[in-house]
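Asks: With the input below, show me the fold.
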Amino acid sequence: MSGFLIVKNIHVDLGEFKIEDITFIVDEKDYVCVIGPTGSGKTILVETIAGLHKPRKGVIILDGRDITSLPPEKRNIGIVYQDYALFPHMTVFDNIAFGLKKRISKKDEILREVKAIAQRLEIEHLLHRKPTTLSGGEQQRVALARALIVRPKLLLMDEPFSALDFNTRTRLRKLVREVVSEYGTTVIHVTHDFEDVWSLARKVIVMYRGRILQYDTVEEVFNRPCCELVASFVDINVMSGIVVFSNDKTIVRVGDIEIVSKDRVCEGHRVKVFIRPERILISKSKPVSKFDNVVRGFIEDLERQGNILRVQVRIGSICLKCISTPNVLGSLDLELGSSVYICFRSSDVRLLVES
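Replies: The predicted structure is shown next:
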């Protein structure tokens, strides 16, 4: 195995919970998000990499060096938590400079480094303040500056934006994306927020009950999940069907309808059919534009969530989740029970052969 970070066959037993057979590789300068239900072992995983838990079995190699048994301070890994973990009695300047002072003795060099990263994270004007006088977003930027200033080989973040409001999260994501790119930092980021994944990650680890279910690119995990558990967690439509025709396109019979996919699967195979809800267009009339899949149904449920509207459309025995905007549905004069057409392209239909 080769890679910047190699986690191989890690087992950690904490009594009430354990993670088992954890294996994955992270490339240098990669950004990996770790997702999964509460209690799946995400925090234990990053804390084990940081050196806070000793694995019962397995190895962790960072940049060619076995760090499995090293104490946290010897690993050259930065960590940022949800609750910031700042020193309340120190100023912002001293919080940021804390780790740097152990490496650099020259005060002018420390001052220059602190000012540079504070300016980049837009907190230079706060250097004289105490953490308790700052907003949540400001405190998180201080925590990020403190972690990055020592130029760690790896940055671990555990739900860093979850306590922040929507606008602050959005601004901080942009800053994080820019700063870790400029610093060339490799990142593993635990999150429950898919916006973090879509905005920041190149790859995704999906965990469940202490194990990794899937590790792949964002595109693959969210559009071609490896199993129903992953599909359910990433909020994708899942149906069971049988392939009735296969040539340049594949036709799958699902309940009373047929669905066309560009994925190639031989005739007669039973498959899981995956369609992301935001890929489905809702129309009051049959669309003129060309779609491979146009099916008529009726609106069974409407639920507004912030700026989006979640719509469930019933087609016989099948119910599909769709995502739209309130304006779109309002302009179509749609409500519960409305007859609609749902339309989606064959390229948005993913197939997984059932074993």
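Asks: quick one, phi/psi of the residue sitting furthest away from the middle of the chain?
Replies: Seen from the C-alpha centroid of the chain, the residue lying at the greatest distance (Cα atoms, centre = their mean) is residue 106, 39.9 Å away. Main-chain dihedrals, residue 106, degrees, to the nearest 10: phi -80, psi 120.
Asks: quick check, residue 86 in a strand?
Replies: No: counting by DSSP: H, G, I helix; E, B strand; the rest coil, residue 86 falls outside a strand, being coil.
Asks: tell me the contacts of it?
Replies: Contacts were defined as Cβ atoms under 8 Å, 6 or more residues apart in numbering; by that measure residue 86 touches 95, 131, 139, 142, 143, 146. Every residue, glycine included, has its C-beta placed from N, CA and C.
Asks: Among the residues you listed, which lie within strands?
Replies: Nothing among those maps onto strands, per DSSP state E.
Asks: could I get these as TSV with pLDDT and distance to residue 347?
Replies: Shown next, in TSV, are these (pLDDT from 0 to 100; distance: Cβ to Cβ, whole Å):
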residue	pLDDT	distance to residue 347
95	95	49
131	95	49
139	95	44
142	95	45
143	94	42
146	94	45
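Asks: of these, buried ones?
Replies: 95, 131, 139, 142, 143, 146 (16 or more other Cβ atoms under 10 Å).
Asks: Apart from its chain neighbours, what residue comes closest to residue 120?
Replies: residue 179 (5.9 Å; Cβ to Cβ, 6 or more residues apart in numbering).
Asks: cool, and residue 175?
Replies: Nearest to residue 175 is residue 121, by Cβ to Cβ, 6+ apart, at 6.2 Å.
Asks: Give me the below-cutoff pLDDT ranges for the stretch 1-150 of the chain.
Replies: Counting by pLDDT under 70, the stretch 1-150 of the chain has low-confidence residues at 1.
Asks: mind listing the strands for it?
Replies: With DSSP state E, counting those that start in this stretch applied, the stretch 1-150 of the chain shows strands at 5-13, 18-26, 31-35, 57-62, 65-66, 77-81, listed in chain order.
Asks: Any chance of those strands in TSV with distance to residue 101 as columns?
Replies: Formatted as TSV, the strands of the stretch 1-150 of the chain follow (distance: least, Cβ to Cβ, whole Å):
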stretch	distance to residue 101
strand 5-13	27
strand 18-26	29
strand 31-35	29
strand 57-62	24
strand 65-66	24
strand 77-81	15
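Asks: circling back: do you know how far the residue nearest to residue 120 is from residue 158?
Replies: According to Cβ to Cβ, to the nearest Å, residue 179 and residue 158 sit 18 Å apart.
Asks: Neighbour count for those two, which is higher?
Replies: Neighbours were counted for residue 179 and for residue 158 using other Cβ atoms under 10 Å; residue 158 has more, 21 against 17.
Asks: and that one, bridged to which residues?
Replies: As for beta bridges, residue 158 partners with residue 81, residue 190 under DSSP bridges.
Asks: didn't it look like it was pressed against residue 84?
Replies: No: contact between residue 158 and residue 84 fails when scored by Cβ atoms under 8 Å: they sit 11.2 Å apart.
Asks: Figure out the length between the terminal residues of stretch 31-48.
Replies: Stretch 31-48 has its terminal residues 18 Å apart, counting by Cα to Cα, to the nearest Å.
Asks: Likewise for stretch 257-272?
Replies: 15 Å.
Asks: Can you give me the buried ones in that stretch?
Replies: 257, 259, 260, 261, 263, 265, 271, 272.
Asks: Contacts for the lengthiest strand in the chain, please.
Replies: When the chain is scanned for its longest strand (criterion: DSSP E), the result is strand 293-305. Contacting residues not belonging to strand 293-305 are listed as 257, 259-260, 286-287, 309-316, 319-320, 326, 329, 334-346, 349 [Cβ under 8 Å, 6+ apart].
Asks: who are the neighbours in contact with residue 67?
Replies: By Cβ under 8 Å, 6+ apart, the contact set of residue 67 is 51, 60, 61, 74, 75.
Asks: switch to 7 Å and redo it
Replies: By Cβ atoms under 7 Å, 6 or more residues apart in numbering, residue 67 lies in contact with 60, 61, 75.
Asks: If you rank the residues you listed by neighbours, which is first?
Replies: The most crowded member of these, judged by other Cβ under 10 Å, is residue 60 (22 neighbours).
Asks: which one is that residue nearest to, not counting chain neighbours?
Replies: Spatial nearest neighbour of residue 60, excluding adjacent residues (Cβ to Cβ, 6+ apart): residue 68 at 4.9 Å.
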